[in-house]
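Undergrad: fold the following for me, if possible:
(2 chains)
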Amino acid sequence: MKMQKKLNIVLVILTVILVSLVSFGGIYYRNKGKMDNRIPDYQLGTDLKGYRQVTLEVAEEKDSDESEKSDETENAEEKEETENSEEKQEDSNEESKEEKPEINKEDYKKTASIYKQRLKDLKVDNFSVSCDEETGRIVITIPENDQTDVILSDLSQKGKFTIKDSKTEEELLTNADVRTVKVGKNVSATGSNTTYMSIYFNTKGTNKFKNVTQTYQNNVEEESKNEESNEENNEEENVENNEENEEVENEEENKAEDSSEDEENKDSEGKQITLNIDDVTMMTTSFDEIIDNGVLSLTLGTSTDESNDELYSAYNLAAIIENEELPVKYEIKGNTYVSSTIEEKDIKALVYVEIGIALAIILLMIIKYRLKGMLTGVLFVGYTAVLLIVLRFTNVTLSVLGILAIGLCYLLNSIYNYIKLDKLKEDGLTEKEKQKAMKEILMKYTMIAIPQLIIAIVFCFTQWAQLLSFGMTMFWGIIISLLYNVLLNKILD
Amino acid sequence: MKNKIIYILLAVIFAVAIVMTFVKGLNVDLYYGEGYTISVTEKDSINIDDIKQIVEEIWGKEYIVQRLEFFDDSAEIKVKEYDDDKLTQLKDKLNEKYESELEVSDFKVEHISNIKLRTLVEPYIIPIGLSLLLVMAFYAIRYRGARKMLDLLVGVVAVEGLFYSLYAIGRIPFNSMTLPIAICLYIITIIKTSFSSENSQEEE
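TA: Numbers count the residues shown, from 1 in each chain, chains lettered A, B, ... in the order given. Purely as a prediction, here's the structure:
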């Protein structure tokens, strides 16, 4: 029995050494003439990698040009009609006086908060938005990834979403009528990606949209003739419409594409609407039937490209549509990649501090519990090695908080060992007493770990990268600690 | 009696910290604070440590130097204030170091306004609040009653409050490590409270 126990201890120590070698060293193999590590690299968070810094300034040039032009025209008019021009000039002065104060600190603040909301909707983590309330200058920092350039491409958009009558330019629906916007991608069997967008209108918008779809049907004349008989059909069609939404979307898109060619014909056939962002027409379309569920489904495009750029653009569009229009027009003045302020040496320092604390704990255990303390120290190293391997294989992104979470997991694990060593310090315990004590130790440790597990799980559901990193690391740290200790207890005791 | 004194002391410290925050605000480091960025681009690659050394000679200790772009030829220096004399010194020292012919006009100087602390703290409030509520609910079930739950709440408020007071009264600059440390303290407090609660449960 004693021999078996000694053998188990030797086996556990050897396993710990092996796992530690793999975790801290890696498994290297020759690949295309160079040595590659089979263990994945750590995924570093944006606070450790760097970010994109974008400077936005109020776009004033166009406005000033326009005002200059209007001044010139007013001067010309002045020569011809003095009285009228004076009135006009007064009016225009009054207007300009009214316009200028329109852009004030509140507008800058509101613009900054809309930018924040857009970035939140785009699920961008670790971003910051700073606004100079005097000049309106906004500096945005966002993490550097695949989505960054796509986000920046639409950053200067004011985001005025309108659905207009194609002829009269009458505004039928705006951002204010939108509740939310959803985006999706469908990959067909042929490998082509189709990006969809559904605009969900709010209660007021739904009614407006229903009227729009009623007014802008293709066969408007026939509809008006057979209005009564079609009411029942429309209801059925709407039910079918929900089921066959994609087909309708394709039809709508095709119509939009062919809109320029068929414009003259359609003029005679019926009315059309245009979907606009900042008064730039994205799409011209009409409807086949009345839509009363308040959802406008659109097919944004199909591509065979493997990149997600189209999808990211759709997300951008969605964030623009579902938020308010910016009160001030901005333009990008600077766009640079900036490295992290936390340098490699800072991370190393943090890791060394953690290692130092860990060594101090092990030393204390050895002093207090001698051989058992030494064995516990070896198991500590094994626990850290296993945790680091799991963090890499589960692609947990490590931020500063993630690195600190490793230290906290270590602290929690050392509490288990402290409880265990303290309870089992008395020699001469019978096998039954030992088993009972082990159950109590595990129960006590689990009860201490559960609150941390709750916190870790809550943090895992946040979108903020720092907390997510912390939550994921803590989650794996606690799970591994429980499993590792249960398993080792069975082998060693 | 001892506890009462501690609570009164804590209340006084928190009150002073809150008053300090209203009167003076929290002190932030240069990264989050207002300042000026000076972008420098050389023809050849630059060493960030060299740039740091040069900047320290001109501006002293308070500065941030970050690498710009991926070509190792640009850096961004953030300082609180600048004047033409300091920019000239920077130009001269860079020209001397890299044997270049930079002019002051080659520097891109921009004013950077401060990042509001509220923006930084905001993403942490709901997750921490929610997790605390859930942990308190667990405490209420596990220890059958509100006593331990309140102990936990008092512990968390006391520790986090003291940490905040340290920054507010001690004028310690709020930096990128402040929030991570605050979260670690939050976790450590819960571990400590759970540990002592389990011990007292065991004794009972």
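
Undergrad: so how far is chain B from residue A:385?
TA: Distance of residue A:385 to chain B, computed by C-beta to the nearest C-beta, to the nearest Å: 22 Å. Placement of C-beta: from N, CA and C, glycine included.

Undergrad: wait, that residue sits on residue A:22?
TA: Yes. Under the criterion of C-beta atoms under 8 Å, residue A:385 is in contact with residue A:22, at a separation of 7.4 Å.

Undergrad: which of these two has more residues huddled nearby?
TA: A side-by-side neighbour count of residue A:385 and residue A:22, using other C-beta atoms under 10 Å in any protein chain shown, places residue A:385 first with 19 against 16.

Undergrad: wait, what's in contact with that one?
TA: Taking C-beta atoms under 8 Å, 6 or more residues apart in numbering or on different chains, we find residue A:385 in contact with A:16, A:19, A:20, A:22, A:23, A:24.

Undergrad: domains of chain B?
TA: With automatic domain parsing serving as the domain definition, the record reports that chain B contains domains spanning B:2-26+B:116-203, B:35-112.

Undergrad: how about chain A?
TA: Domain assignment for chain A, taken from automatic domain parsing, gives A:2-46+A:342-492, A:51-159+A:323-338, A:161-175+A:187-300.

Undergrad: do a quick rundown of the strands in chain B.
TA: Counting by DSSP state E, one finds strands in chain B at the ranges B:35-41, B:64-68, B:74-79, B:108-112.

Undergrad: is chain A within reach of the second one?
TA: The reference is to strand B:64-68. Yes. Under the criterion of C-beta under 8 Å from any C-beta of the partner chain, strand B:64-68 makes contact with chain A via B:64, B:66, B:67, B:68.

Undergrad: same for that strand, what does it pack against?
TA: With contacts defined as 3 or more C-beta pairs under 8 Å, 6 or more residues apart in numbering or on different chains; DSSP states H and E, the secondary structure elements packing on strand B:64-68 are strand A:330-338, helix B:48-59, strand B:74-79.

Undergrad: format the ones you listed as CSV; extra columns: mean pLDDT and distance to residue B:42.
TA: CSV is the format used below for those (pLDDT from 0 to 100; distance: least, C-beta to C-beta, whole Å):
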stretch, mean pLDDT, distance to residue B:42
strand A:330-338, 86, 15
helix B:48-59, 92, 9
strand B:74-79, 91, 8
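
Undergrad: deepest-packed of those, please.
TA: With neighbours taken as mean count of other C-beta atoms under 10 Å in any protein chain shown, the helices and strands packed on strand B:64-68 reach their highest mean count in strand B:74-79, at a mean of 22.

Undergrad: which strands and helices lie in contact with that strand?
TA: Under the contact definition 3+ C-beta pairs under 8 Å, 6+ apart, strand B:74-79 sits against strand A:330-338, strand B:35-41, helix B:48-59, strand B:64-68.

Undergrad: ok so, going back, list only those of the contacts of residue A:385 flagged as buried.
TA: For the contacts of residue A:385, a neighbour count by 16 or more other C-beta atoms under 10 Å in any protein chain shown gives the buried set as A:16, A:19, A:20, A:22, A:23.

Undergrad: quick one: contacts for the second one?
TA: Which is residue A:19. Contacts were defined as C-beta under 8 Å, 6+ apart; by that measure residue A:19 touches A:382, A:385, A:386, A:389.

Undergrad: name the element the second one belongs to?
TA: Remark: residue A:385 resides in helix A:344-393, with elements defined by DSSP states H and E.

Undergrad: what strands line up against the next helix or strand after that helix, and which way round?
TA: Using DSSP H and E, the helix or strand that follows helix A:344-393 towards the C-terminus is strand A:397-398. Listed by DSSP bridges, the sheet partners of strand A:397-398 and their directions read strand A:43-44 (parallel).
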